[in-house]
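**Student:** Mind looking at a prediction? Sequence and model below.
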Amino acid sequence: MRDAGALLLIPLFPLAGATILLLTGKRWKGSSVGWVGSLMVAGAFASSLTTFFSLLSRAPGHRLMVRHLYDWIFAGSFRVDIAFRADALSMVMALTVSGVGLLIHIYSIAYMRDDPRFSQFFAYMNLFVFFMLTLVLASNFLVLYVGWEGVGLCSYLLIGFWFERKSASDAAKKAFITTRIGDSAMLIGIIFIWFHFHSLDFQIVFRGAPGLANGTATVMALLLFAGAVGKSAQLPLQVWLPDAMEGPTPVSALIHAATMVTAGVYLVVRTHPIFEASSVALTVVAVVGIVTAVYAGLSAIGQDDIKRMLAYSTISQLGFMFFGAGVKAYAATMFLLVTHAFFKACLFLCAGSVMHALPEEETDMMRMGGLFRPMPITGIAWVISAAALAGIPPLSGFFAKDQVVAAASESGREGLWILALFGVLLTAIYMGRSTFMAFFGKPRYRGHPHDPPALMGGILGLLAVGAAVNGLLNLSRTGLLERFLVPVTGPVAEVVSGPAELPLAAISLGLSLVGVALAFYVYLSGRFDWQALRSRFVGPKRALEKGLYVNDVYSEAIVIPARAGAAFTAYVVDKRVVDGAVNGIGRLFTWGASVGRRVQTGLVRSYALAILLGAVGVLLYLAVRF
Amino acid sequence: MRTPISYFLVVSALLFTMGTIGVLVRKNALVIFMSVELQINAVNLALVAFARQHGNLTGQVLAFFVMVVAAAEVVVGLAIIVSLYRKRRSANVDDAHLLRW
């Protein structure tokens, strides 16, 4: 317990930042608010590093710290503590969240400079980092759930940050309500866990998990997975993430690419003992993941809006992560999560720089083209990150994706493996397409774009370097990260069947190159008139752009009936029945009073008569009674 | 031979009935007031008669209390009637009917 002090500081720094900025933010001058916010995240990052190194100094089997803060709920046999836990998995998450978070905070200082709610932005961002760190450092399900809902709240606040725009406030509500569906299932799952284990503590639950009956484990795992599906925007709850791009771009980078949306992946990896107790649950995770990856990859190809393209790409990559978790390749999954945080954050921030440089915050790639020349720094950062995402070696994404695909082939499920390879191909195509559309070819932009200020450019550079080199973390399936995670995820799964690792890498690399080459041929070589192609295949293009109309089906099948139901309860049940009852009672008394008040004649003699009659009545009663 | 109590009670009842009818049928506030006094005195008569019957002083004491209260009531009541008359130039109780529906 000696080193556990720094562990507590990790979430406390951003909490302090959020509190200070919310209470006093308006009084700070200039961009100092942004620096305070960034400093707090830097503090969290430094504390994470301290904790990380003190964990490293221990033997692998003892790398676990639990810091019990206080008894939170103590009701009969129901007992929950506020406790934080540092182990290999939570440290990987905490370092990613606070590290990438720090860079994005600093980027935002320049990006959000002219916003009238500058201080509020940093307060919310700090609050988000606090909740996210609470989520990943939680030592029991309820604290995790607090963080889980907290990041949902911050996501809502930040998507709707420019709430003056109707589309932004709508998107915020949509994100909140859609994820809520999953969250409710997850809460039921947590209650279910308590009924079975009479504890919510990770340690106790995971020790008991292998002994669960198959059916129980399946229900438990699938309820938790429903929460993950909502938060990580997987099928069928993926509709909110593309719309969430209404928020400021740093928000998209931090919350809707690098960290919050990966919480679902973290949850599955964290609770993997429960999932492993049920092969059905694992299969569901793998299938949902890979189907989402392919679906979102296809949709990404149809996007013209650069941020929506990145959003679909995020959904697709998250699908890959779930797929990896579903085939028990937890370390590869976490590796993909970390590398994805870097290159996707970098891509979003590049998109932000482009929007900054073009008039009216242009996001349509049809009105970009040839941006590399006027914006070399942004262009280089984008190309490196895009190549990393597409899986071109020696950049990080290649190793990560390759390991997930290799794990898939080892799991011995050919169908899933082929789908995964198809996903790899799609990834290369949509990244190649967007890169060539936006940064190369003939300029179609207006105005005079130029690279962002040094602060933003520097962050792009740092993230691009990260995207390029953090493949070193786990060069092979026995790499650093893999070995570090062994205490949590267990030893590497045995190879079941499938091609050996090297040919596998060659296959997925070949597919990536084919995808990029295809995109190059269509969009850049000049031997192909892609704009004519667009107008020829309007229908399929539109279907892809609309995400295969899933959103429209939901809105027809769920939203419109729900609105009709709401209108019925509002205008019929509430107005007629409820209000009718209330008004009816009022009217009854008004009528009763209008009749009853006639008794009051104002004539003294009639009152005297009433008194007399009353007295006679009482006397008669007494006379009869006795 | 003592006068039987029923004699007193009959007189008392007659007085009370006269008073009551006076209160109910007359319109002049002063006359109503006098009728009320008649009722009070009917009650007093009954009280004294009962005191005599029972051979103790309770009824007589009560009758004294009634007289005191009646005197106080006359003071207040006459004041109201006088001020009502000053206001409306009439002592007719039916003219004072503001407090009604």
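**Tutor:** Nice, I can see it. Remember, predicted model here, so these are calculated numbers, not experimental data.
**Student:** and the closest residue to A:H448 other than its chain neighbours, what element?
**Tutor:** Leaving aside its chain neighbours, A:H448 sits nearest to A:P374 (7.3 Å; criterion: C-beta to C-beta, 6 or more residues apart in numbering or on different chains). In this view, the C-beta of every residue, glycine as well, is placed from N, C-alpha and C. Using DSSP states H and E, A:P374 sits within no helix or strand.
**Student:** can you tell me which helix in the chain is longest?
**Tutor:** Defaulting to chain A. Assignment by DSSP state H gives helix A:166-197 as the longest helix of chain A.
**Student:** Wait, chain B was what I had in mind.
**Tutor:** Per DSSP H, chain B has its longest helix at helix B:58-88.
**Student:** mind listing what's buried in that helix?
**Tutor:** Buried residues in helix B:58-88, counted by 16 or more other C-beta atoms under 10 Å in any protein chain shown: B:59, B:62-63, B:66, B:70, B:77, B:81, B:84.
**Student:** one step back: now for the residue nearest to A:H448: which residues touch it?
**Tutor:** A:357, A:448-451 (C-beta atoms under 8 Å, 6 or more residues apart in numbering or on different chains).
**Student:** most neighbours, which of those?
**Tutor:** A:P449 (22 neighbours; other C-beta atoms under 10 Å in any protein chain shown).
**Student:** That residue looks like it's in a strand, true?
**Tutor:** No. A:P449 is assigned coil when assessed by DSSP: H, G, I helix; E, B strand; the rest coil, not a strand.
**Student:** Check the offset of stretch A:400-407 from the chain's centre.
**Tutor:** When distances are taken as C-alpha atoms, centre = their mean, to the nearest Å, stretch A:400-407 is centred 23 Å away from the chain's centroid.
**Student:** any idea how far A:F74 is from A:V66?
**Tutor:** In this view, A:V66 and A:F74 are 18 Å apart by C-beta to C-beta, to the nearest Å.
**Student:** got it, and A:L153?
**Tutor:** 26 Å.
**Student:** what's the lowest-pLDDT member of the buried residues of helix B:58-88?
**Tutor:** Taking the buried residues of helix B:58-88 together, the minimum pLDDT is found at B:L84 (87).
**Student:** which residues touch that residue?
**Tutor:** Applying C-beta under 8 Å, 6+ apart, we find B:L84 in contact with B:29, B:91, B:96.
**Student:** and what of A:T178?
**Tutor:** Applying C-beta under 8 Å, 6+ apart, the residues contacting A:T178 are A:230, A:237, A:239-240.
**Student:** Let's see the pLDDT reported for it.
**Tutor:** 91.
**Student:** Secondary structure element for A:G510, which one?
**Tutor:** Using DSSP H and E, A:G510 falls in helix A:501-523.
**Student:** Which strands and helices lie in contact with the following helix or strand past that helix?
**Tutor:** As assigned by DSSP H and E, the chain's next helix or strand after helix A:501-523 is helix A:530-536. Packed against helix A:530-536 by the contact rule (3 or more C-beta pairs under 8 Å, 6 or more residues apart in numbering or on different chains; DSSP states H and E) you find helix A:501-523.
**Student:** So what's the gap between the helix it packs on and the chain middle?
**Tutor:** 29 Å.
**Student:** Same question for stretch B:25-33.
**Tutor:** With C-alpha atoms, centre = their mean, you get 12 Å for stretch B:25-33.
**Student:** Tell me the buried residues in it?
**Tutor:** B:26, B:29, B:32-33.
**Student:** Checking the closest residue to chain A within chain B next. Helix, strand or coil?
**Tutor:** In chain B, the residue that lies nearest chain A is B:R100 (2.8 Å; C-beta to the nearest C-beta). Look at B:R100: counting by three-state DSSP, its state is coil.
**Student:** In this structure it contacts A:V604, no?
**Tutor:** No. Contact criterion C-beta atoms under 8 Å: B:R100 and A:V604 do not qualify, at 10.8 Å.
**Student:** before we move on, back to that, going by distance to A:R165, which of the buried residues of helix B:58-88 wins?
**Tutor:** For these, the residue nearest A:R165 by C-beta to C-beta is B:L84; the value is 74.1 Å.
**Student:** what about residue 49, helix or strand, and which?
**Tutor:** Picked chain A for this. Per DSSP H and E: helix A:32-56 holds A:L49.
**Student:** that's the wrong chain, I wanted chain B
**Tutor:** helix B:29-54.
**Student:** Name the spans of chain B whose pLDDT lies under the cut-off.
**Tutor:** The model of chain B has pLDDT under 70 over residues B:1, B:101.
**Student:** what residues does it put near chain A?
**Tutor:** Neighbours of chain A within chain B, by C-beta under 8 Å from any C-beta of the partner chain: B:20, B:23-25, B:27, B:32, B:93-94, B:96-101.
**Student:** Buried ones among the residues you listed?
**Tutor:** Buried among these (16+ other C-beta under 10 Å): B:20, B:23, B:32, B:93, B:96.
**Student:** Give the buried residues for the longest helix of chain A.
**Tutor:** Buried, per 16+ other C-beta under 10 Å, within helix A:166-197: A:168-169, A:171-172, A:174-176, A:178-179, A:182-183, A:185-190, A:193-194, A:196-197.
**Student:** got it, and stretch A:111-120?
**Tutor:** A:111-112, A:118-120.
**Student:** swap in stretch A:479-492?
**Tutor:** Under the neighbour-count criterion of 16+ other C-beta under 10 Å, stretch A:479-492 has A:479, A:481-482, A:484-489, A:492 buried.
**Student:** Out of those residues, which comes closest to A:L142?
**Tutor:** A:V488 (20.2 Å).
**Student:** Nearest residue to the closest one in space, please, no chain neighbours.
**Tutor:** A:L89 (4.3 Å).
**Student:** got the angle for the helix or strand hosting the one you found vs helix A:32-56?
**Tutor:** Per DSSP H and E, A:L89 falls inside helix A:88-111. With axes from the mean of the first three to the mean of the last three C-alpha atoms, to 10 degrees as the basis, helix A:88-111 and helix A:32-56 are set at 160 degrees to each other.
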